[in-house]
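Enquirer: Requesting a structural model of the entry that follows:
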Amino acid sequence: MTDFTDFQQKLSAFLPDLKVCFGEPMAKHTSFRIGGAAEVMAFPKSAEELAQLLKVSGLLDTKPAILGAGTNVLAPDEGLRGLTICLKDALNGMERLDDTHIRVMAGVTMTRAAMFAAGLGLSGLEFAHGIPGSVGGGVYMNAGAYGGEICQVCEQVEVMDFQGKLSVWDNAQMGFSYRHSRLQEREAIVVSALFRLEQKDPQQIRDKMKELMAKRSASQPLDLPSAGSAFKRPQGGYAAALIDQAGLRGYQVGGAAISQKHTGFAVNLGGATAKDVRQLLDEVSEIVYEKSGIRLEPEIRIW
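Expert: Residues are numbered from 1 along each chain as shown. Predicted structure coming up:
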């Protein structure tokens, strides 16, 4: 077992101002409101703090778990051993660089980034308004909605490896595809993203965002804890339609269920465990496969 007394001493020596919590409930940091305690959770406020934190982690041979807004994560009931680095509202800040470019830090939510762009009269992030995840998480998984995706507007990504070294990857190097980026095969963390947008009338941008938000509110179970779309879009169909056709609307395992409002969502009805959700996803995938021949794969990242 890692000696976290020693770890605390090293963190205090190297980063005396670093915010660190011990035994922090993961349920407080995930949109599913599920997950046991993280043994150590750190909240670096800058790329420099993040780099030093990673170096200290390396000295103790501890590979950290990286958490953004926790909106696409199912955290384990038994919690997480070792170090969890939470970047939401930690790596913070946005700036306009020129007429069409903004840089956004990884801990900023997608909604805030979209609002910031709209206020500048810059179009391209309207689809992101209402996506609850962080920019770092959005880049990591090439988040998208209503025909828009991160890969369409992301020109460069500032990336840090687990040794604390920074590099810049362009759009091609990111290897974007549906809900995927090259980061998913590498030990690397999004620090910031450079977005190339288009100048447009601010009112038109805000109207579009209001329209998309109205669609979300009308169709999605925003009143219940979830992690967004439960399954990836399969070839030859849509997950929600396949689940509905299989008669699984409202299908329940423990406190977890397929949403009555939108069958593409798994929701926490109250008191759901990670085990409930995993079993729900497994059973739904199996039943849909039996009825349609199409295998659904989770979009939720199961830790």
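Enquirer: Does R301 touch L74 like I think?
Expert: Yes - between R301 and L74 a contact is recorded at 7.1 Å, counting by C-beta atoms under 8 Å. C-beta: built from backbone N, CA, C; applies to glycine.
Enquirer: which of these two has more neighbours?
Expert: Between R301 and L74, counting by other C-beta atoms under 10 Å, L74 is the more crowded of the two (26 against 15).
Enquirer: got the phi/psi numbers for the closest residue to the more buried one other than its chain neighbours?
Expert: The spatially closest residue to L74, leaving aside those adjacent along the chain, is I302, at 4.8 Å (C-beta to C-beta, 6 or more residues apart in numbering). For I302, the backbone dihedrals (degrees, to the nearest 10) come out as phi -90, psi 110.
Enquirer: again, but for D170
Expert: phi -90, psi 180.
Enquirer: And the pLDDT for the residue nearest to L74?
Expert: At I302, the pLDDT value in this model is 94.
Enquirer: tell me the contacts of it?
Expert: L74, A274, R278 (C-beta atoms under 8 Å, 6 or more residues apart in numbering).
Enquirer: Repeat that for D17.
Expert: Neighbours of D17 in contact, by C-beta under 8 Å, 6+ apart: K45.
Enquirer: Swap in 10 Å and give it another go.
Expert: K45, E49 (C-beta atoms under 10 Å, 6 or more residues apart in numbering).
Enquirer: for R206, same thing?
Expert: M115, A118, G119, E126, H129.
Enquirer: Just the buried ones from these?
Expert: In the contacts of R206, burial by neighbour count holds for M115, A118, E126, H129, counting by 16 or more other C-beta atoms under 10 Å.
Enquirer: Just put those residues in JSON lines and tack on distance to D201 and pLDDT.
Expert: Shown next, in JSON lines, are the buried ones among the contacts of R206 (distance: C-beta to C-beta, whole Å; pLDDT from 0 to 100):
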{"residue": "M115", "distance to D201": "16", "pLDDT": "95"}
{"residue": "A118", "distance to D201": "10", "pLDDT": "96"}
{"residue": "E126", "distance to D201": "12", "pLDDT": "95"}
{"residue": "H129", "distance to D201": "16", "pLDDT": "91"}
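Enquirer: so which pair among these is furthest apart in space?
Expert: Farthest-apart pair in the buried ones among the contacts of R206 is M115 and E126; separation 10.4 Å (C-beta to C-beta).
Enquirer: which residues are common contacts for those two?
Expert: Contacts common to M115 and E126, judged by C-beta under 10 Å, 6+ apart, are I205, R206, M209.
Enquirer: Is it correct that the first one is in contact with F127?
Expert: No - using C-beta atoms under 10 Å as the test, I205 is too far from F127 to be in contact (11.5 Å).
Enquirer: Need the overlap of contacts for those two.
Expert: In contact with both I205 and F127: A114, using C-beta under 10 Å, 6+ apart.
Enquirer: is it true that Q52 lies in a strand?
Expert: No - counting by DSSP: H, G, I helix; E, B strand; the rest coil, one finds Q52 to be helix, located in no strand.
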